[in-house]
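# coords please:
(2 chains)
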Amino acid sequence: MIRNLLCMTAPVRDGFDIPCHELGPTFSHLSVALVAGLHGDEINGIFILSRLADFLNGVEAGKYPELRLVKRVLIIPAVNVLGVNQRTRTWPFDKSDINRMFPGSTGGETTQRIAYAVLEATKRADFRIDIHTAGIDFEELPQVRLYGPSEAERETAHWFGLSAIMERSTSPVFTTTLKHSWKVWPGQSFLLRVGQAGTVQLEHCQRVFRSLVSFLGRTGVLEGVQLVADDEEPFLFNKASGFRVFAQKAGTFVSDRQVGRWVGANQEMGYIYDSINGNVIEKVLSPVAGLLTGIRRHPLLFEGDLILRINRKG
Amino acid sequence: MSQNASAAKAISSTETFFTIDMPYCEQMEIRRTRFTGGDGPRGAVVSGIHGDELEGLYVCHRLATWLEQLLATTPEALLGSVELYPALNTLGLDTLTRGLPVFDTDLNRAFPGSAGGPLPARLADAIMTALAGASLVVDIHASNIYLREIPQVRINQEFQGLLVPIAGRMNLDMIWLHGASTVLETTLAHSLNSRGTPCLVVEMGVGMRITPDYCDQLVAGILSAWKEQGVFAPGLTLPATSHTPLIADDSNVHYLNAQTSGMFVAAASHWTDVHRGELLGSIVSPFGGSVLSEVRSPVDGVLFTLREYPLVYEGSLMARVMARKGGRP
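All right, here's what the predicted structure looks like:
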């Protein structure tokens, strides 16, 4: 069932809604809340959650007789509806970042009201998942992000079956995010980062779709899921395991490397060309052996731009 | 050092303090102007962190005019030094963009930064390094393009013991004390104050415009504060100051957010006394003749924030009214 999380007026057009999917047994306790599209240009998450809603609607309609949705699930494919339609990361009217407006308020600015409605609808869930991408310049391997997690969250993160779990400490930058606002409520919270903004990366989306179905199976929300052994063991990477490579020179970066591949120390990862003369000015090498978890996708580089993120085992 | 000795070397210069290569041909450069006299305290003004805020740029121009005149006539009166950083977000200012272009980042959420890494972090670090040790930094912001503000200073309560006495001499109309929990720790001001360099955040006027009267009011206040700190000789005559600030905090500031979307038309004038129940403005629809919502003052007080940009979404801030706590007669 689709319902409107929030209905608001607009200055000179029809009002706008933030629709969400309510699935599973009505009136039961909310078990899983999934949110995407806090940023309007992060389309991977929107696509994944819309596909998941379609799948779970199919389960409820009997399309998959072996499956049964036994607990309630809330899916908000896109919070920043106007941003999605205008292809902007922020709220288009005043350029504010909705994910810097939490916990929000009922009487505050428009984006604070949106934030409040999203938090109210999701905060009591047993499991809360917020899906993001990197920016439009960078691609990240689909991963679970943990910020100052509880031991239970650290354990549960493996249930997604994604190859990388990144653990970070909390930062002042994130205190006004949805993920941070969830922290004071009982239950577990997760942030998934999937690919880059501004596009749908089908392989990443399919991977995360499967991981969410697997997660729903392992949490007992979706009965009948055939849980298979993971293709590879998920790695828990702390901050110390991450190595970032920044551009020593400005120019044009070109690489054909793919995230999710293991690379060796000093392996060639790409080239920076002089943007005017076309000559190679820097050969970019992997500083360590490890998993390529992020790579620059926009070719034009300022001096100092992040090019690669590689995480070392152990 | 004697005043005569400082007079002999009082100079001004404009220099680049940060550069970074851009992808194609160009370098991004950030400049400052220094007025150097004696070995006394160092005052600094920064502005243009947001590329759509111009009030501070004009303040820097007016300060430079005054300081150039000082160096030409009585250079011995500059006992310390002054640094002006009018345009910290040069790319944003040159392209009418509030944040850092390309990086889609608010520079004032990137502090304290780091020496390596992407532009926002490097620039923030360079600014922190340049300002470290100043006796007073004034970080000037206009409001955004939507709201007009009276000249005011905003202070985190964590630092109010040090900063409120300085702010009281700044010739401003309001000191707004914010609870520590509502302050963003990644701003320039919070980062400087946390590291022991006093920094006042001034906000006034409106985005994309300059308000010359407000700018001159602030120039007089900054000069007065610097003189108090010993940047100038005690006997130096400064532009007169006449403004005493009202004190505001969470207990006496009332927000008026739009009940519905439409076009806000003000009925009251900015920076005036208003009474409880007084009509401050209306929200109307361009599709019909009716008034969608009336906006009335919830208290007797001062209308210190008023919407400048007429279109409002449900929730948009239209006005703020401060109930008087004393201070200004």
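# Grab the nearest non-local neighbour of A:I310.
A:G290 (4.4 Å; Cβ to Cβ, 6 or more residues apart in numbering or on different chains). Where C-beta positions appear, they are placed from N, C-alpha and C, glycine not excepted.
# least trustworthy helix or strand in the chain by mean pLDDT?
Picking chain A for this. Ranking every helix and strand in chain A by mean pLDDT, DSSP states H and E puts strand A:235-237 at the bottom, with a mean of 90.
# Report the strands that pair with that strand, each with its relative direction.
strand A:164-168 (parallel) (DSSP bridges).
# Who are the packing partners of whichever helix or strand comes after the partner strand?
Later in the chain than strand A:164-168, the nearest helix or strand by DSSP states H and E is helix A:178-182. Applying 3 or more Cβ pairs under 8 Å, 6 or more residues apart in numbering or on different chains; DSSP states H and E, we find helix A:178-182 packed against helix A:110-122, strand A:127-132, strand A:188-195.
# do that again at 10 Å, thanks
strand A:30-35, helix A:110-122, strand A:127-132, strand A:138-147, strand A:188-195 (3 or more Cβ pairs under 10 Å, 6 or more residues apart in numbering or on different chains; DSSP states H and E).
# Out of the ones you listed, which is closest to chain B?
helix A:110-122 (3.7 Å; Cβ to the nearest Cβ).
# The closest one - what's its average pLDDT?
Averaged over helix A:110-122, pLDDT sits at 97.
# my read is A:L308 is in a helix, agree?
No. A:L308 sits outside any helix when classified using DSSP: H, G, I helix; E, B strand; the rest coil, being strand.
# what's the helix or strand for the nearest residue to it once chain neighbours are set aside?
Spatial nearest neighbour of A:L308, excluding adjacent residues (Cβ to Cβ, 6+ apart): A:V245 at 4.1 Å. Using DSSP H and E, A:V245 maps to strand A:242-246.
# Run through the residues of the stretch 151-300 of chain A sitting next to chain B.
A:171-173, A:175-176, A:244, A:246-253, A:272, A:274-276, A:298-300 (Cβ under 10 Å from any Cβ of the partner chain).
# switch the cut-off to 8 Å
Proximity of the stretch 151-300 of chain A to chain B, by Cβ under 8 Å from any Cβ of the partner chain, involves residues A:P172, A:V173, A:T176, A:R244, A:F246, A:K249, A:A250, A:G251, A:T252, A:S275, A:I276, A:L300.
# Could you dump those residues into TSV and include pLDDT and neighbour count?
Below are those laid out as TSV (pLDDT from 0 to 100; neighbours: other Cβ atoms under 10 Å in any protein chain shown):
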residue	pLDDT	neighbour count
A:P172	73	11
A:V173	73	14
A:T176	90	17
A:R244	96	13
A:F246	96	18
A:K249	95	15
A:A250	97	25
A:G251	98	28
A:T252	98	18
A:S275	97	17
A:I276	96	10
A:L300	97	16
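# does A:L56 count as helix, strand or coil?
Secondary structure of A:L56, per three-state DSSP, is helix.
# if I pick it, what's in contact with it?
A:H21, A:L23, A:G24, A:L69, A:V73, A:I75, A:L222 (Cβ atoms under 8 Å, 6 or more residues apart in numbering or on different chains).
# same question, B:D52
If you count contacts by Cβ under 8 Å, 6+ apart, then B:D52 has B:G92, B:L96, B:T97, B:R98, B:A142, B:N144, B:I145, B:G207, B:M208 around it.
# let's go with 6 Å and repeat that
B:D52 makes contacts with B:R98, B:G207, B:M208, as judged by Cβ atoms under 6 Å, 6 or more residues apart in numbering or on different chains.
# Find the residue closest to the second one in space, skipping its chain neighbours.
Spatial nearest neighbour of B:G207, excluding adjacent residues (Cβ to Cβ, 6+ apart): B:I145 at 3.7 Å.
# okay, the helices and strands packed on helix A:178-182 in CSV with distance to B:S81 and mean neighbour count next?
Below are those laid out as CSV (distance: least, Cβ to Cβ, whole Å; neighbours: other Cβ atoms under 10 Å in any protein chain shown):
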stretch, distance to B:S81, mean neighbour count
strand A:30-35, 52, 24
helix A:110-122, 42, 22
strand A:127-132, 46, 25
strand A:138-147, 42, 23
strand A:188-195, 47, 24
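# Can you give me the distance of the residue nearest to A:L308 to A:E303?
13 Å (Cβ to Cβ, to the nearest Å).
# Next secondary structure after the one helix or strand A:L49 maps to?
Assigned by DSSP H and E, A:L49 belongs to helix A:43-60. Under the assignment DSSP H and E, the closest C-terminal helix or strand after helix A:43-60 is strand A:68-69.
# elements contacting that next one?
helix A:43-60 (3 or more Cβ pairs under 6 Å, 6 or more residues apart in numbering or on different chains; DSSP states H and E).
# in the helix it packs on, what counts as buried?
Applying a neighbour-count criterion of 16 or more other Cβ atoms under 10 Å in any protein chain shown, one finds A:43-53, A:55-57, A:59 buried in helix A:43-60.
# quick one: which of the contacts of B:D52 is nearest to B:L172?
B:G207 (18.8 Å; Cβ to Cβ).
# so where's the stretch 201-314 of chain A shaky on pLDDT?
The stretch 201-314 of chain A contains residues with pLDDT under 70 at A:229-232, A:314.
# for the stretch 201-329 of chain B, what spans make up the strands?
Secondary structure of the stretch 201-329 of chain B by DSSP state E, counting those that start in this stretch: the strands cover B:246-248, B:253-257, B:262-266, B:273-274, B:279-284, B:291-296, B:301-307, B:311-312, B:317-322.
# With respect to A:P186, which of those lies nearest?
strand B:253-257 (31.3 Å).
# what's the spatially most central residue of chain B in contact with, if anything?
When Cα atoms, centre = their mean is applied to chain B, the residue found nearest the centroid is B:I140 (2.2 Å). B:I140 is in contact with B:S47, B:G56, B:V59, B:V202, counting by Cβ under 6 Å, 6+ apart.
# ranges for the helices of the stretch 101-250 of chain B?
Ranges of helices within the stretch 101-250 of chain B are B:119-131, B:160-167, B:188-194, B:212-229, based on DSSP state H, counting those that start in this stretch.
# which of the residues in the last one are buried?
Taking 16+ other Cβ under 10 Å as the neighbour-count basis, helix B:212-229 is seen to contain the buried residues B:214-215, B:217-227, B:229.
# List, one by one, the residues from the stretch 1-150 of chain B near chain A.
B:I20, B:D21, B:M22, B:P23, B:Y24, B:G117, B:P118, B:L119, B:R122 (Cβ under 6 Å from any Cβ of the partner chain).
# how does it look with 7 Å?
The stretch 1-150 of chain B comes close to chain A at residues B:20-25, B:98, B:104, B:109, B:116-119, B:122, B:146, as judged by Cβ under 7 Å from any Cβ of the partner chain.
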